[in-house]
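> Structure of the sequence below:
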Amino acid sequence: MTELPGIVIAGASGRMGQMLIRSVMESDKMRLVGALERPGHDWVGQDVGVAMGGAALGALVYDDALKPMAQAQAVIDFTAPEATIALSKIAAQARAAHIIGTTGMTDEQIAQLEPAARHCAIVRAGNMSLGVNLLVQLTKQVAAALDEDFDIEVIEAHHHHKVDAPSGTALMLGEAAAAGRGVDLAQVRDAARDGITGARTRGDIGFAVVRGGDIVGEHEVLFAGAGERIVLRHMATDRALFAKGALRAALWAQDKAPGEYDMLDVLGLKR
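Predicted coordinates for the structure are as follows:
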């Protein structure tokens, strides 16, 4: 019987890292070969299951990614932009798929992934849930159908620990709305309002951000016209859905040529 694809989880001690580890261990389609943490972290050198406060899982936590990556077919990475860029080079060296859920990356940082994509499959998405990616497609379609008489606002809410704003998902939705209208989001993005801002500019795509409590993720796209509003909304109540999407991406990427992909590719929603 063919051996199951080996998976490495980056950022093992984080909430998503631990969720991903549990999800891989529960899957009958893949196996955990190791986890990653930064040098000097207390977990390094321990069995990841023990580090998480449970039984041994037979996989160690490493601070050097190359060793576990040499045994893996994919690495799942919900960390930070700088760590993701560094890990992309190792994934390329190991010819392992790099599944990236890291948010807050600038255009310049995203561009730094391009060399690695010549040697391995990279699946990068601001959100890996099926529902959100359907919302992205719907946003593009509705934006294409409506003219600038309808103002577009992307409204998102997350827990108080989240460090980037707007969220990667909100930016995905903004990009989808801009694409539907045939414009560049960078030219029409209205990211913040405070004080006497003046009237809204026709055609702008606005962003509003909420941070509080333990909100997993809520995203809404509002199309506001004269006398009517259209609201598209997605609410996540369990971050396990993001792990599920990431695992699906890791399996999908196994037979894919080097290149850059997203969850629309994984879910077969590209048009």
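> Every contact and neighbour count from this point should use C-alpha atoms.
Fine.
> Can you show me the strands along the stretch 51-200 of the chain?
Along the stretch 51-200 of the chain, the segments classed as strands by DSSP state E, counting those that start in this stretch run 61-62, 74-77, 97-100, 121-124, 151-158, 189-190.
> Any stretches of the stretch 151-271 of the chain with poor pLDDT?
271 (pLDDT under 70).
> which stretches of it form helices?
168-181, 185-188, 240-252, 263-266 (DSSP state H, counting those that start in this stretch).
> I'd like these laid out as a markdown table, including mean neighbour count and distance to Ala51.
Output for the helices of the stretch 151-271 of the chain, formatted as a markdown table (neighbours: other Cα atoms under 10 Å; distance: least, Cα to Cα, whole Å):
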| stretch | mean neighbour count | distance to Ala51 |
| --- | --- | --- |
| helix 168-181 | 22 | 29 |
| helix 185-188 | 14 | 43 |
| helix 240-252 | 21 | 20 |
| helix 263-266 | 19 | 31 |
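> Minimum distance to Ala97: which of the ones you listed has it?
The closest of those to Ala97 is helix 240-252. By Cα to Cα, the value is 7.0 Å.
> Just name whatever secondary elements the closest one is in contact with.
helix 15-26, strand 74-77, strand 97-100, helix 263-266 (3 or more Cα pairs under 8 Å, 6 or more residues apart in numbering; DSSP states H and E).
> rewinding a little: out of the strands of the stretch 51-200 of the chain, nearest to Gly40?
strand 61-62 (10.3 Å).
> Turn the helices of the stretch 151-271 of the chain into TSV, including distance to Lys29.
TSV is the format used below for the helices of the stretch 151-271 of the chain (distance: least, Cα to Cα, whole Å):
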stretch	distance to Lys29
helix 168-181	27
helix 185-188	39
helix 240-252	8
helix 263-266	16
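> Out of those, which is closest to Gly217?
That would be helix 168-181 among the helices of the stretch 151-271 of the chain, by Cα to Cα, at 9.2 Å.
> Could you figure out how far the closest one is turned away from strand 151-158?
160 degrees (axes from the mean of the first three to the mean of the last three Cα atoms, to 10 degrees).
> residues making contact with helix 168-181?
103-104, 125-127, 132, 135-137, 139-145, 147, 152, 154-156, 184-185, 205, 207, 219, 221 (Cα atoms under 8 Å, 6 or more residues apart in numbering).
> thinking again about what came up before, between the helices of the stretch 151-271 of the chain, which gets nearest to Gly198?
helix 185-188 (15.7 Å).
> packing partners for that closest one?
helix 168-181.
> Only alpha carbons, please: show the helix it packs on as CSV.
Provided in CSV are the C-alpha atoms of helix 168-181 (Å, rounded to 0.1, in the frame of the first residue of the first chain):
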residue,chain,number,x,y,z
GLY,A,168,-6.8,38.6,4.4
THR,A,169,-10.3,37.5,3.7
ALA,A,170,-11.6,41.0,3.6
LEU,A,171,-8.9,41.9,1.1
MET,A,172,-9.9,38.8,-1.0
LEU,A,173,-13.4,40.2,-1.0
GLY,A,174,-12.3,43.6,-1.9
GLU,A,175,-10.2,42.3,-4.8
ALA,A,176,-13.2,40.3,-6.0
ALA,A,177,-15.4,43.3,-5.9
ALA,A,178,-12.8,45.4,-7.8
ALA,A,179,-12.3,42.6,-10.4
GLY,A,180,-16.0,42.5,-10.9
ARG,A,181,-16.0,46.2,-11.7
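> for stretch 68-84, which positions count as buried?
68-79, 81, 84 (16 or more other Cα atoms under 10 Å).
> Just put those residues in CSV and tack on pLDDT and distance to Ala191.
Below are the buried residues of stretch 68-84 laid out as CSV (pLDDT from 0 to 100; distance: Cα to Cα, whole Å):
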residue, pLDDT, distance to Ala191
Pro68, 97, 40
Met69, 96, 38
Ala70, 95, 42
Gln71, 95, 43
Ala72, 97, 40
Gln73, 98, 39
Ala74, 98, 35
Val75, 98, 33
Ile76, 98, 30
Asp77, 98, 27
Phe78, 96, 24
Thr79, 96, 24
Pro81, 96, 21
Thr84, 98, 25
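> now, the most widely separated pair of those?
Largest pairwise distance in the buried residues of stretch 68-84, by Cα to Cα, is 24.0 Å, between Gln71 and Pro81.
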